[in-house]
Structure formats: C-alpha cells, structure tokens
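What shape does this take:
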Amino acid sequence: MTAAMEVVLVKLGGSLITDKRRPETARTDVIERLARELEELDPSEVRLVLGHGSGSFGHVAAARHGIHEGVETPEKLLGVTETQDRAATLNRLVIGALRRCGVPAFSLAPSSFLVSAGGVPAELWIAPLLDALHLGMLPVVHGDVVMDRELGASISSTEAVFLALAERLQAGDVIVRRSIWLGETDGIYDSRGVTIEKLPLDAVGELLDRLEGASGTDVTGGMRHRLETAASLAELGVESWIANGLEPGVLGQILKGRWAKGTRVLAAAPRSLSTR
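Got it, this is the predicted structure:
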C-alpha cells in the first residue's frame, strides 16, 4: 500500500507581501527573502501548498467595484476583469521570485479550478494540484475572483481556498499535516497585547467576538477571517500556526518543530505525526 502524502499549507498574507495602505505596492524585498527561504527547504522532508493574499492589488480592485458583494449589473463585469488581472499581477511577482531562487513553482489561479455559490466554494477540480505535488513542484494558489452560481462572481480568499482544498485532500490519500499563516504580527494578541501562544478550539469563539478586521483595504476580513478558517481546519484535525513572516527564518523554524513566536490554534483531534 502506498503511504499517504503529507502536505503543509502555507499562506503569505497580503499584509506581509504588500503594503495594504498603498494601492498596488508590493514588498519585493520580503517576497524575495521568503522565496530564498522556501528554496532552502528540503522537499524530501516536507511538501507544501503555498498560498498568498492579494493585498493591495486584488483587494483594492475588488473594493473599488464592489465585487465582494456580487456581480448583479453589467457595469461590474469589467471590475471582475480588473480584479482578476490585479490578483494575477501580484501572483506573477511571487512566481517570478520563486523561479529566480530555483523553486519549481506551479501557479494555480482559483478562478480556473473553483466555483463558488453564495461566496462559498462549492466545487473545485484538484487534479492539477495533485499532479504538481506528485511531480515535485510547489503548487501556488492565491486570493482571486471566481464564478459564483448565486452572485455571478465573488471573491474567494486564500483562506477559503485552503479550507476547501483541505476538505477534499483529507477525504483522499493526502494528509494535511498543519497550516502556517504568515502575516506582520506575532500571532494573535490577548486583551493586554500579549501573544496568545496556544489557542484551544473551544476558546476561539470568545476571541472572535473582540477581533477587529484587517488593516488597509481588505474585502475578506483579515485576521478575523484567518482565525475562523483556522478553527474550521482545527475541526478537521489540522493545527494552525499564526506567526510573523517579517522575522527571517520563522517558516523553517516552524516546519522543523522549533517554536517561534506566534499562536498555535490547536486541532480538535491532533494527529500522531512527526514534527520534523
């Protein structure tokens, strides 16, 4: 019997790789540094699915045209095109940095493999992603505008894509070992501004009540949306680590099981897997 493949979901937040307060402003130095860190990882030890937010690219375009509210008029159609184009522009910057560092990245736009209904992923085709993983490539997804059976078109965040992927992958022969969310804060803070190191699933609800949304332009909800997704993943048995991607080397430390500053959202039923 073939052993199940283990993967880790890693998101580079839009607030990390762009300046969300300035339209279409990428943090190219951060993107390049993260690409170098990804190149240093041993693919024989860990397989990743990488995702990134749309930051001040896709979010600004979506907000300008109200795409996150649906596409109910012909006037919004060009807004769909602009939002998709802006999201793809940032994705090309990420893919370009990975290519220059020798990382065999394979870009997968959600607009081409996912359909939503009422803003929630309803159907996705994961064969290209699985084939890329088996080939030894790094699948890269991102926040995008997608066709929607109820709204015409809607925004699908990287969080929504990851959750939909995890549900499908877990139902097959792929184990999602954990998810890692890299932003620009040291995890989630308590009421005193101190990082919460471990967050049990049953404590998430109370914390969500006081969490604010995102800084800058964000049509999907920022940290609150991330924590909601982490809670849903925890119910699937997937632990999440929320950490500061501005700190060099933090991704490698987490993947090797060497704790770095941040918040762990504990899985409801932790898996007995190694923490290399």
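
If you count neighbours, what's buried in whatever helix or strand Ala166 lives in?
Counting by DSSP states H and E, the element that carries Ala166 is helix 158-170. Across helix 158-170, burial judged by 16 or more other Cβ atoms under 10 Å covers Thr158, Glu159, Ala160, Val161, Phe162, Leu163, Ala164, Leu165, Ala166, Arg168, Leu169. All C-beta atoms are positioned from the backbone trio N, CA, C, and that covers glycine.

Give me the residues contacting that helix.
Here helix 158-170 makes contact (Cβ atoms under 8 Å, 6 or more residues apart in numbering) with 7, 9, 11, 49, 51-53, 110, 114, 120-121, 124, 126, 129, 141-144, 175-176, 179, 220, 225-226, 228-229, 232-233, 236-238.

what's around the spatially closest residue to Glu69 that is not a sequence neighbour, how many residues?
In space, and not counting its chain neighbours, Glu69 is closest to Leu151: 7.9 Å by Cβ to Cβ, 6 or more residues apart in numbering. For Leu151, the count of nearby residues is 19 (other Cβ atoms under 10 Å).

Now do the same contact list for Leu151.
Glu69, Gly70, Val71, Glu72, Ser116, Gly118, Gly119 are the contacts of Leu151 under Cβ under 8 Å, 6+ apart.

Gly102 too?
Contacts of Gly102 by Cβ under 8 Å, 6+ apart are Glu39.

Three-state assignment for it, please.
Recorded secondary structure, Gly102: coil (DSSP: H, G, I helix; E, B strand; the rest coil).

That one and Leu138: what is the separation?
11 Å (Cβ to Cβ, to the nearest Å).

Common neighbours of the two, please.
Going by Cβ under 8 Å, 6+ apart, no residue sits against Gly102 while also sitting against Leu138.

Ile254: helix or strand, and which one exactly?
Judged by DSSP H and E, Ile254 forms part of helix 250-255.

List the buried residues of that helix.
Buried, per 16+ other Cβ under 10 Å, within helix 250-255: Val250, Leu251, Gln253, Ile254, Leu255.

what do you get for stretch 193-201?
Buried, per 16+ other Cβ under 10 Å, within stretch 193-201: Thr195, Ile196, Leu199, Leu201.

again, but for stretch 139-150
Of all the residues in stretch 139-150, those buried under the rule 16+ other Cβ under 10 Å are Pro139, Val140, Val141, His142, Gly143, Asp144, Val145, Val146, Met147, Asp148.

Endpoints of it, how far apart?
29 Å (Cα to Cα, to the nearest Å).

Residue ranges in the stretch 101-250 of the chain under the pLDDT threshold?
Along the stretch 101-250 of the chain, segments meeting pLDDT under 70 span 211-221.

returning to what we had before: can you redo the buried residues of helix 250-255 as a markdown table with distance to Leu38?
Shown next, in a markdown table, are the buried residues of helix 250-255 (distance: Cβ to Cβ, whole Å):
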| residue | distance to Leu38 |
| --- | --- |
| Val250 | 12 |
| Leu251 | 7 |
| Gln253 | 14 |
| Ile254 | 13 |
| Leu255 | 10 |
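
quick one: which of these is nearest Leu90?
Within the buried residues of helix 250-255, proximity to Leu90 (Cβ to Cβ) peaks at Leu251, which comes in at 19.1 Å.

Now do the helices in the stretch 101-250 of the chain.
127-135, 158-170, 204-208, 222-235, 250-255 (DSSP state H, counting those that start in this stretch).

before we move on, the earlier item: looking at the buried residues of helix 250-255, spot the one nearest His134.
Leu255 (20.2 Å).
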